[in-house]
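Engineer: need a structure here:
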Amino acid sequence: MSAPRVDLVGLSPRELVDRQVADRVASRLGAADPTLWGPDAEAEARIRLGWVRLHESSRPLLAEIEGLQAELRAEGLDRIVLCGMGGSSLAPEVITRTAGTDLTVLDTTDPGAVRRSLADRLDRTVVVVSSKSGSTVETDSQRRAFEAAFQAAGIDAPTRMVAVTDPGSQLAEHAEQAGWRRTFLADSSVGGRFSALTPFGLVPSGLAGADVAALLDDAAAAADAVFLDDPANPALVLGAVMGAAHASGRHKLVIGEHDSGVLSFGAWAEQLIAESTGKLGRGVLPVDVGSVAATGWLGAGQDAVRVALGGPVEGVDEQVATSGPLGGQLLLWEAATAVAGRMIGINPFDQPNVEDAKNAARSMLDAPAAAEPDEPPTTDGAVEVHGPGADAAGALSHLLDRVPEGGYLAVLAYLDPVADATAADLREVLGRRLGRQVTFGWGPRYLHSTGQYHKGGHPDGAFLVLTGAVTEDLDVAGRPYTFGRLIAAQAAGDAGVLAGQGLPVLRLHLTDRTAGLRQVLAAAEADR
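Structural biologist: Sure, this is the predicted structure:
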């Protein structure tokens with residue numbers, strides 16, 4: 001076991017680090033001191049700091065996970081599906097991908113993706129439903145779909161269902177009444193994005209075969225360094241980099257993989273930082289570009305700081321590099337984000353704008369007519385253009401022209417992450433064309449991640465929303481809507497909230513997803 005490392009090239013936030021050492025920020029954080037972020041944040045912080053001791057408090061969970069996993073394997077149940085959003089899905093995804101174990105993560109409401117998950121080895125499937133509140137609409141809808149599928153297949157659904165939730169939640173009550181196989185109750189003093197080492201991260205990962213005991217061991221080894229008042233503390237250094245960048249107007253943290261051996265970490269860090277810091281018109285926008293070979297990383301401008309996951313990249317004058325085992329990395333980034341929040345002057349534990357899009361989508365589902373799309377002003381081949389422009393290429397050019405200097409473009413794809421995977425290519429294509437940072441998020445997943453920053457952070461973003469025609473819809477059991485209507489309402493709801501804040505928004509609806517994506521990618525390549 002080894003502690004995580006943070007290496008700096010061309011960056012020196014020493015003054016900020018020394019200030020945090022003098023204020024004993026690290027040791028106070030380790031002692032769960034709620035006064036670190038000022039009086040306005042104290043009440044929230046008082047009930048949100050359980051994550052600093054998870055490397056110890058989560059130990060009793062290991063035997064429970066191991067016992068349940070043995071039961072399931074003995075019954076031939078070897079496919080684990082996770083229904084969750086935000087930290088509930090992103091942490092298990094990075095844990096299992098890094099471990100090389102098979103976990104099916106369902107964090108979308110696209111009906112095609114839901115159908116595919118239901119059709120795959122249902123007879124060998126156990127579903128872990130993860131939600132702190134128990135009322136998350138995406139997770140509740142996925143849960144209903146699996147219960148209905150098990151029943152239709154003649155499978156006793158409760159024996160295949162496992163809940164991970166907070167005590168007293170709607171999900172906990174449902175699981176108890178329905179007689180689900182197991183319910184794991186999490187520590188309610190840990191917020192969702194800090195929950196990687198709680199049952200939300202450990203239960204689905206452990207059931208899928210990841211060594212979650214080693215994960216806690218690595219976090220424990222990192223804790224000694226992370227909570228030490230010392231200038232070499234990697235969490236203070238990384239937090240100071242973010243704080244110094246924000247103070248100097250470099251509001252973007254561009255994260256690229258560089259032989260770290262840790263997979264999907266950028267997406268997890270993205271939701272941690274965006275939801276924690278993006279509020280009150282402030283914050284750090286994390287940009288997960290995938291690799292240090294990406295345009296967004298190599299060509300990062302003066303408005304951004306580069307982070308290499310794994311080690312420094314040769315020939316790059318300014319960068320931060322983080323390395324170390326996954327468990328230690330999780331704790332490092334959580335602590336660094338909390339430290340950065342203190343420097344920026346925000347409460348890192350609330351998420352005041354996340355509910356905006358949820359409420360807008362809910363109102364559309366309650367009044368179905370409101371969810372119907374307006375008559376598109378332009379139809380261009382396989383693309384309906386909802387915005388100014390004579391065609392898709394013209395509308396896209398108009399949007400790009402409205403990205404402010406030092407701003408960013410967000411591509412928000414309410415599509416199937418597998419069947420429509422080429423949509424993610426837009427990040428690189430538009431990044432080359434625009435010369436500014438471009439983020440990419442699958443909807444509705446990003447609503448639980450960068451969505452908070454979009455509405456609460458620096459108001460310098462422009463937004464390209466992609467939606468697609470549904471050829472085969474799927475009912476949400478027990479609800480008066482389908483998955484197709486749900487994802488459409490979520491897309492329209494968030495676009496409406498963004499536009500209502502005066503931010504540039506363009507929605508392109510693909511009447512044929514394959515042809516439409518080709519067309520949009522071609523339009524993105526064109527430089528008008």
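Engineer: only C-alpha atoms from now on, for both contacts and neighbour counts.
Structural biologist: Fine.
Engineer: where does the prediction get shaky in the stretch 1-150 of the chain?
Structural biologist: By pLDDT under 70, the weakly predicted segments of the stretch 1-150 of the chain are 1.
Engineer: what ranges do the helices span in it?
Structural biologist: 14-22, 25-30, 39-46, 54-57, 61-74, 87-99, 111-119, 137-152 (DSSP state H, counting those that start in this stretch).
Engineer: for the stretch 351-500 of the chain, same thing?
Structural biologist: Listed in chain order, the helices of the stretch 351-500 of the chain (DSSP H, counting those that start in this stretch) span 354-366, 368-371, 392-401, 425-434, 451-456, 483-500.
Engineer: repeat that for the stretch 151-300 of the chain.
Structural biologist: Taking DSSP H, counting those that start in this stretch to define them, one finds helices in the stretch 151-300 of the chain at 170-178, 199-207, 212-226, 234-247, 265-277, 295-298.
Engineer: so which of those is nearest residue 119?
Structural biologist: Residue 119 sits nearest to helix 199-207 of all the helices of the stretch 151-300 of the chain, at 19.9 Å, using C-alpha to C-alpha.
Engineer: report the distance from that closest one to the chain centre.
Structural biologist: Distance of helix 199-207 from its chain centroid, counting by C-alpha atoms, centre = their mean, to the nearest Å, is 17 Å.
Engineer: that one - contacts with which helices or strands?
Structural biologist: Helix 199-207 is packed against helix 61-74, strand 79-83, helix 87-99, strand 161-165, helix 212-226, with contacts defined by 3 or more C-alpha pairs under 8 Å, 6 or more residues apart in numbering; DSSP states H and E.
Engineer: which other helices and strands contact the last one?
Structural biologist: Same thing as helix 212-226. helix 54-57, helix 199-207, helix 234-247, helix 326-344.
Engineer: swap the cut-off to 6 Å and go again
Structural biologist: helix 54-57, helix 326-344 (3 or more C-alpha pairs under 6 Å, 6 or more residues apart in numbering; DSSP states H and E).
Engineer: by how many degrees do the longest one and helix 212-226 diverge?
Structural biologist: By that I understand helix 326-344. 40 degrees (axes from the mean of the first three to the mean of the last three C-alpha atoms, to 10 degrees).
Engineer: helix 326-344: how far from the chain's middle?
Structural biologist: 16 Å.
Engineer: just name the most buried of the helices and strands packed on helix 212-226.
Structural biologist: Ranked by mean neighbour count, these are led by helix 326-344 with a mean of 25 (mean count of other C-alpha atoms under 10 Å).
Engineer: who does that helix touch, helix- and strand-wise?
Structural biologist: Counting by 3+ C-alpha pairs under 6 Å, 6+ apart, helix 326-344 packs on helix 212-226, helix 234-247.
Engineer: extract the CA atoms of it and return them as CSV.
Structural biologist: What follows is helix 326-344, C-alpha atoms only, in CSV (Å, rounded to 0.1, in the frame of the first residue of the first chain):
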residue,chain,number,x,y,z
LEU,A,326,-7.7,3.8,-6.4
GLY,A,327,-8.9,3.8,-2.7
GLY,A,328,-6.3,6.5,-1.9
GLN,A,329,-7.2,8.5,-5.0
LEU,A,330,-10.9,8.6,-4.1
LEU,A,331,-10.1,10.0,-0.6
LEU,A,332,-7.5,12.4,-2.0
TRP,A,333,-9.9,13.9,-4.5
GLU,A,334,-12.7,14.2,-2.0
ALA,A,335,-10.5,16.0,0.5
ALA,A,336,-8.9,18.2,-2.1
THR,A,337,-12.4,19.2,-3.4
ALA,A,338,-13.5,20.1,0.2
VAL,A,339,-10.3,22.2,0.6
ALA,A,340,-10.9,23.9,-2.8
GLY,A,341,-14.4,24.7,-1.7
ARG,A,342,-13.1,26.5,1.3
MET,A,343,-10.7,28.6,-0.8
ILE,A,344,-13.4,29.5,-3.4
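Engineer: which residues touch that helix?
Structural biologist: 4, 37, 215, 218-219, 222, 235, 238-239, 242-243, 277, 348 (C-alpha atoms under 6 Å, 6 or more residues apart in numbering).
Engineer: could you redo these as CSV and give each row distance to residue 311?
Structural biologist: Listed next are those as CSV, based on distance: C-alpha to C-alpha, whole Å:
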residue, distance to residue 311
4, 11
37, 31
215, 21
218, 19
219, 20
222, 18
235, 16
238, 14
239, 18
242, 18
243, 21
277, 25
348, 27
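Engineer: kindly reformat the residues you listed as a markdown table containing neighbour count and distance to residue 70.
Structural biologist: Formatted as a markdown table, the contacts of helix 326-344 follow (neighbours: other C-alpha atoms under 10 Å; distance: C-alpha to C-alpha, whole Å):
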| residue | neighbour count | distance to residue 70 |
| --- | --- | --- |
| 4 | 27 | 32 |
| 37 | 21 | 44 |
| 215 | 20 | 20 |
| 218 | 24 | 24 |
| 219 | 29 | 25 |
| 222 | 27 | 30 |
| 235 | 31 | 37 |
| 238 | 28 | 40 |
| 239 | 27 | 41 |
| 242 | 28 | 43 |
| 243 | 27 | 46 |
| 277 | 31 | 40 |
| 348 | 27 | 38 |
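Engineer: which one of those sits closest to residue 102?
Structural biologist: Nearest to residue 102 among those: residue 215, at 17.0 Å, using C-alpha to C-alpha.
Engineer: excluding chain neighbours, what is closest to the closest one?
Structural biologist: Spatially, and ignoring its direct neighbours in sequence, residue 215 is nearest to residue 327 (4.5 Å; C-alpha to C-alpha, 6 or more residues apart in numbering).
Engineer: do residue 354 as well
Structural biologist: residue 452 is the one closest to residue 354 (C-alpha to C-alpha, 6+ apart), at 5.3 Å.
Engineer: what does residue 199 give?
Structural biologist: Once flanking residues are discounted, residue 199 sits nearest to residue 186: 5.8 Å by C-alpha to C-alpha, 6+ apart.
Engineer: was I right about the one you found contacting residue 166?
Structural biologist: Yes - here residue 186 reaches residue 166: they are 5.1 Å apart, a contact under C-alpha atoms under 6 Å.
Engineer: those two: who's more crowded?
Structural biologist: Between residue 186 and residue 166, counted using other C-alpha atoms under 10 Å, residue 166 has the larger neighbour count: 24 against 18.
Engineer: give me the phi and psi for that one.
Structural biologist: phi -90, psi 150 (degrees, to the nearest 10).
Engineer: so it touches residue 132, yeah?
Structural biologist: Yes - Residue 166 is in contact with residue 132 according to C-alpha under 6 Å; the separation is 5.1 Å.
Engineer: what do those two both touch?
Structural biologist: In contact with both residue 166 and residue 132: no residue, using C-alpha under 6 Å, 6+ apart.
Engineer: what's the neighbour count on residue 87?
Structural biologist: 26.
Engineer: tally of neighbours for residue 253?
Structural biologist: Per other C-alpha under 10 Å, the neighbour tally for residue 253 reads 26.
Engineer: quick one: it and residue 273, what's the gap?
Structural biologist: For residue 253, the distance to residue 273 (C-alpha to C-alpha, to the nearest Å) stands at 9 Å.
Engineer: gap between residue 475 and residue 129?
Structural biologist: Distance, residue 475 to residue 129, by C-alpha to C-alpha: 19 Å.
Engineer: likewise residue 118?
Structural biologist: 14 Å.
Engineer: spit out the contact partners of residue 171.
Structural biologist: residue 134.
Engineer: tell me the pLDDT at it?
Structural biologist: For residue 171, the pLDDT comes out at 97.
Engineer: one more: residue 376?
Structural biologist: pLDDT, residue 376: 62.
Engineer: okay, domains of the chain per the record?
Structural biologist: What automatic domain parsing lists as the domains of the chain is 5-33+229-344, 58-216, 354-525.
Engineer: looking at these, which has the lowest confidence?
Structural biologist: Across these, domain 354-525 has the smallest mean pLDDT, namely a mean of 92.
Engineer: number of residues surrounding residue 496?
Structural biologist: Using other C-alpha under 10 Å, residue 496 is surrounded by 18 other residues.
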